[in-house]
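S.K.: Attaching a predicted model along with its sequence, questions to come.
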Amino acid sequence: MTPKSAAAAARSTVHGYPRQGPNRELKKAIEGYWKGRVTADALRATAAELRRSNWKQLAEAGIHEVPTGDFSYYDHVLDTTVMVGAIPERHRAAVEADALGGYFAMARGTQDVAPLEMTKWFDTNYHYLVAELGPDTVFTADSAKQVAELKEALALGLTARPVLVGPITYLLLAKPGPAVPADFEPLTLLDRLLPVYAEILADLRAAGAEWVQIDEPALVQDRTPAELKAAERAYREIGALADRSRVLIASYFDRLGDALPVLAKAPVEGLALDFTESGAANLDALAAVGGLPGKRLVAGVVNGRNIWVNDLEKSLSTLATLLGLADRVDVAASCSLLHVPLDTAPERDIEPQILRWLAFAKQKTAEIVTLAKGLAQGTGTITAELAANRADLASRAGSPITHDPAVRSRAAAVTEADARRAQPYTERAAAQRAHLGLPLLPTTTIGSFPQTGELRTARADLRAGRIDAAGYEERIKAEIQKVVSFQEKTGIDVLVHGEPERNDMVQYFAEQLTGYLATQHGWVQSYGTRYVRPPILAGDISRPEPMTVPWTRYAQSLTSRPVKGMLTGPVTMLAWSFVRDDQPLGDTARQVALALRDEVHDLETSGTSVIQVDEPALRETLPLRAADHPAYLAWATEAFRLSTSGVRPDTQIHTHMCYAEFGDIVQAIDDLDADVISLEAARSHMQVARELAAHGYPREAGPGVYDIHSPRVPSAEEAADLLRTGLKAIPAERLWVNPDCGLKTRAWPETRASLENLVAAARTVRGEL
Ligand code: GLN
Ligand code: ZN
């Protein structure tokens with residue numbers, strides 16, 4: 001290999017593209033099909049048209065090789081379950097009767113049959129459906145979807161490359177099925193699964209695939225030697241297959257680490273690596289193993305997960321280094337473009353100058369094409385693009401939006417003491433007990449009350465100008481009144497205002513903080529037909545004025561019981577937004593924390609004695625590799641403390657997280673130094689309470705006794721039993737009584753009944769103390 005010939009051969013490609021279409025046509029067609037308004041054939045036609053127009057766009061933009069098989073009606077992991085025939089027993093009849101209907105039944109469940117579990121795809125905000133496997137699982141190859149989509153692209157005269165979820169990743173992401181022992185390891189099914197992949201590879205070759213991409217993102221996580229051995233064996237066997245196309249193994253989201261030598265030496269023809277921020281270590285590791293002689297390297301130099309314009313010169317220099325390390329270096333995004341919105345062009349509310357800092361899927365595609373051209377034909381052929389890129393980067397770097405001197409000097413002046421409460425917990429607890437005068441086992445909720453149709457209508461009316469700000473305020477106040485009087489009547493001890501004014505717990509604050517941008521069309525798939533528009537954390541963050549104080553103060557004016565102020569924590573504000581890539585995440589978190597600290601201060605000054613700062617994303621933001629956890633947890637917990645430490649000792653700080661297993665971050669939860677934490681616990685029978693106790697967690701906690709994910713109303717006896725279980729781990733002086741999470745997705749009737757039972761349970765158990 002010579003760098004020169006590797007450069008001349010450079011091509012452009014992507015791993016995947018947003019599925020929804022410019023106006024979310026796919027969502028509309030699928031939801032129409034569910035409601036019976038769109039026929040299966042019409043849905044298939046819409047899907048085929050979207051695939052066709054995506055491929056044409058990619059090809060017209062100059063992408064040399066388009067991906068196929070990345071399209072999905074719901075989720076690509078569910079598609080893989082279908083491809084390998086691992087349909088759970090309970091869904092088999094439905095799938096056999098009607099493949100499309102059965103597919104959606106697996107995704108969403110039916111009246112009688114539970115869906116597959118859904119969970120986050122690595123550290124993205126995309127959710128996949130978890131395969132359920134067991135010792136009796138029989139795999140059978142079903143290559144129909146992959147073959148059909150490949151043929152569609154080939155028929156358009158395009159060079160196309162099918163993309164599959166790899167066998168190792170598929171098994172590592174699966175879980176034991178319902179009737180299977182919990183310690184069953186799906187990876188033990190590898191020998192049964194590989195022949196199915198062999199069959200699919202043969203079918204794809206017969207259909208005309210020159211290359212097939214096999215995705216193994218699970219190998220960027222910490223893996224045991226046995227797991228790495230399994231990967232080695234899998235690709236030795238795949239490599240040895242006689243009847244297959246050339247194989248490209250793809251990794252993304254982070255560095256491969258110990259898996260890099262395994263994949264680099266596998267007897268296949270190519271490797272795709274992430275060379276953006278998170279995968280930068282791949283470069284050194286690749287050089288250390290002597291590169292990929294004789295192979296194709298697909299270089300992910302354009303970040304597929306953020307929305308910032310690429311630094312083309314920096315990417316070119318990475319590519320130049322890579323040229324000496326493989327026979328052919330292709331340019332790509334670091335991962336599928338599924339994780340970014342489609343196109344910046346329709347955005348009207350963002351200033352044109354700032355819009356140029358952003359790159360969504362379409363813009364990233366153009367960057368990839370430009371880089372491949374520069375690599376293959378020399379940078380002299382892309383001078384105009386480079387000049388424009390330099391100007392955009394300079395405009396971003398020099399903008400007052402990204403560099404607010406007041407925010408910067410305040411953040412720089414933060415001391416260790418600013419992120420510590422003045423008194424230790426025990427002293428604070430005594431002061432709070434005296435100040436709040438709560439009973440043992442105090443009752444509270446997590447914040448939101450049912451988001452009714454009327455509330456959504458009120459917001460829509462305000463946006464459309466059908467009502468004015470005063471009219472909107474009236475409607476929200478009426479709702480707050482209703483929520484407060486219900487809680488008083490029910491006998492809840494620490495009240496909330498119910499969050500009726502919030503569309504979303506991140507967006508609500510993002511809209512009010514300077515430095516955040518909102519998009520009109522920046523939809524990204526969260527799961528199935530659910531799309532979200534994450535706000536963009538673009539600049540230095542400041543808070544021009546109080547964000548929650550008037551609503552909280554109003555609620556407090558209606559009652560003599562304490563009303564809890566309700567904020568979203570700095571880590572969650574980052575996790576559910578697109579974040580800056582021009583400074584460390586910790587710096588951004590600190591700016592958000594300082595803005596929240598001001599809000600906390602203003603709440604306290606206006607008479608709020610209990611303030612909750614939610615951090616449901618603390619755990620999901622954990623980096624993929626354990627070696628990166630300590631640094632993350634250090635800035636994350638500091639940011640939380642910085643936002644909450646400016647208060648008096650008798651002001652009680654709460655936090656909330658929505659998961660039931662958190663053994664790996666219990667120390668971090670302790671480090672938050674919140675006075676009270678509420679957690680999800682109802683389904684796991686108070687498992688978190690035991691975990692906190694095992695850790696010696698010294699502060700107050702409210703493990704949930706009401707599972708809000710279901711419309712089911714827990715009986716008072718059931719809630720009391722959970723409380724008794726909680727009391728075995730946490731003493732009565734430190735145990736709170738609350739639901740698992742906010743009530744915004746619930747309806748009023750079940751909310752009413754459940755909270756009445758929750759209060760009754762607290763009273764019963766208090767009587768037993
Ligand atoms: N306070 C928020 C609510 O009750 C918390 C939501 C969450 O934890 N996801 O809705
Ligand atoms: Zn929650």
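M.R.: Ah, there it is. This one's a predicted model, so the numbers in the text were calculated from it and none came from an experiment. Numbers count the residues shown, from 1 in each chain. Ligands and ions are numbered 1, 2, ... in the order given.

S.K.: Now do the SS call for residue 272.
M.R.: strand (DSSP: H, G, I helix; E, B strand; the rest coil).

S.K.: That one contacts residue 256, correct?
M.R.: No. Applying Cβ atoms under 8 Å, one finds residue 272 not in contact with residue 256, separated by 10.5 Å. Glycine gets a C-beta too; all of them are placed from N, C-alpha and C.

S.K.: so residue 365 makes contact with residue 332?
M.R.: No. With contact defined as Cβ under 8 Å, residue 365 does not reach residue 332; the gap is 10.2 Å.

S.K.: Model confidence for residue 278, exactly?
M.R.: pLDDT for residue 278: 83.

S.K.: Now do the contacts for residue 57.
M.R.: Residue 57 makes contact with 362, 365, according to Cβ atoms under 8 Å, 6 or more residues apart in numbering.

S.K.: how much space between the closest residue to ligand 1 within the chain and ligand 2?
M.R.: Going by Cβ to the nearest ligand atom, ligand 1 is nearest to residue 742 of the chain, at 2.1 Å. For residue 742, the distance to ligand 2 equals 6 Å [Cβ to the ion, to the nearest Å].

S.K.: so what's the residue nearest the centre of the chain closest to, chain neighbours aside?
M.R.: Geometric centre of the chain, nearest residue: residue 125, 1.9 Å, by Cα atoms, centre = their mean. Computed as Cβ to Cβ, 6 or more residues apart in numbering, the closest residue to residue 125 that is not its neighbour in sequence is residue 526, at 5.9 Å.

S.K.: Could you measure from that neighbour over to residue 536?
M.R.: 16 Å (Cβ to Cβ, to the nearest Å).

S.K.: Please work out how many residues are found near the residue of the stretch 351-500 of the chain found nearest ligand 2.
M.R.: Nearest residue of the stretch 351-500 of the chain to ligand 2 (Cβ to the ion) works out as residue 446 at 5.8 Å. Residues near residue 446, counting by other Cβ atoms under 10 Å, number 28.

S.K.: List the contacts of the residue nearest to the centre of the chain.
M.R.: Shown in contact with residue 125 (Cβ under 8 Å, 6+ apart): 339, 524, 526, 532, 534, 575-576.

S.K.: and it, what helix or strand is that in?
M.R.: Following DSSP states H and E, there is no helix or strand that holds residue 125.

S.K.: What distance do you get for it to residue 524?
M.R.: 7 Å.

S.K.: can you check residue 569 too?
M.R.: From residue 569 to residue 524 the distance is 22 Å (Cβ to Cβ).

S.K.: what's the answer for residue 648, then?
M.R.: 41 Å.

S.K.: Neighbour count: the two, which is higher?
M.R.: Comparing residue 648 with residue 524 by neighbour count (other Cβ under 10 Å), the higher total belongs to residue 524, at 23 against 15.

S.K.: OK, contacts around that one?
M.R.: 18, 125-126, 338-341, 531-534.

S.K.: circling back to that earlier point, now, the contacts of residue 125 that are in strands?
M.R.: Counting by DSSP state E, the contacts of residue 125 place 524, 526, 532 in strands.

S.K.: pLDDT and distance to ligand 1 for the residues you listed - can I get that in JSON lines?
M.R.: Formatted as JSON lines, the ones in strands among the contacts of residue 125 follow (pLDDT from 0 to 100; distance: Cβ to the nearest ligand atom, whole Å):
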{"residue": "524", "pLDDT": "98", "distance to ligand 1": "18"}
{"residue": "526", "pLDDT": "96", "distance to ligand 1": "13"}
{"residue": "532", "pLDDT": "95", "distance to ligand 1": "13"}
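
S.K.: Looking at residue 526 and residue 536, which one has more neighbours?
M.R.: More crowded of residue 526 and residue 536, by other Cβ under 10 Å: residue 536, with 25 against 16.

S.K.: Name the nearest residue to that one, sequence neighbours excluded.
M.R.: Using Cβ to Cβ, 6+ apart, the nearest residue to residue 536 is residue 517, at 4.2 Å.

S.K.: Could you tell me which residues of the stretch 501-650 of the chain lie near ligand 2?
M.R.: The stretch 501-650 of the chain comes close to ligand 2 at residues residue 616, as judged by Cβ under 5 Å from the ion.

S.K.: In contact with the residue in the stretch 501-650 of the chain positioned nearest to ligand 2: list those residues for me.
M.R.: For the stretch 501-650 of the chain, the residue closest to ligand 2 is residue 616, as judged by Cβ to the ion, at 4.9 Å. Contact analysis of residue 616 by Cβ under 8 Å, 6+ apart lists 572, 656-659, 741.

S.K.: closest to residue 558 among those?
M.R.: When the contacts of residue 616 are ranked by distance to residue 558 (Cβ to Cβ), residue 656 comes first, at 23.1 Å.

S.K.: Contact partners for the closest one?
M.R.: With Cβ under 8 Å, 6+ apart, residue 656 has these contacts: 446-447, 612, 614-616, 677-679, 741.

S.K.: quick one: the helices in the stretch 651-769 of the chain?
M.R.: Under the criterion DSSP state H, counting those that start in this stretch, the stretch 651-769 of the chain contains helices at 666-671, 687-695, 716-729, 748-767.

S.K.: How far off centre is the longest strand along the chain?
M.R.: Ranked by residue count and defined by DSSP E, the top strand of the chain is strand 292-302. Strand 292-302 has its C-alpha centroid displaced from the chain centroid by 28 Å (Cα atoms, centre = their mean, to the nearest Å).

S.K.: quick one: average confidence on the next helix or strand along the chain from that strand?
M.R.: As assigned by DSSP H and E, the chain's next helix or strand after strand 292-302 is helix 312-323. Averaged across helix 312-323, pLDDT comes to 96.

S.K.: Need the contact partners of helix 312-323.
M.R.: 3, 6-7, 10, 275, 283, 286, 297, 299, 301-302, 329, 331, 367, 370-371, 374-375, 379, 382, 385-386, 389-390.

S.K.: Quick one, which of those residues are buried?
M.R.: Neighbour-count burial (16 or more other Cβ atoms under 10 Å) applied to the contacts of helix 312-323 gives 6-7, 10, 275, 283, 286, 297, 299, 301-302, 329, 331, 367, 370-371, 374-375, 379, 382, 385-386, 389.

S.K.: Among those, name the ones in helices.
M.R.: If you go by DSSP state H, the buried ones among the contacts of helix 312-323 have 6-7, 283, 286, 367, 370-371, 374-375, 385-386, 389 in helices.

S.K.: Show me the two of those residues that sit farthest apart.
M.R.: Maximum distance among these (Cβ to Cβ): 26.8 Å, for 286 and 385.

S.K.: who are the neighbours of the helix-or-strand element of the chain with minimal mean pLDDT, in terms of helices and strands?
M.R.: Within the chain, confidence by mean pLDDT, DSSP states H and E is lowest for helix 3-8 among all helices and strands, at a mean of 82. Counting contacts by 3 or more Cβ pairs under 8 Å, 6 or more residues apart in numbering; DSSP states H and E, helix 3-8 is packed against helix 312-323, strand 326-333, helix 361-377.
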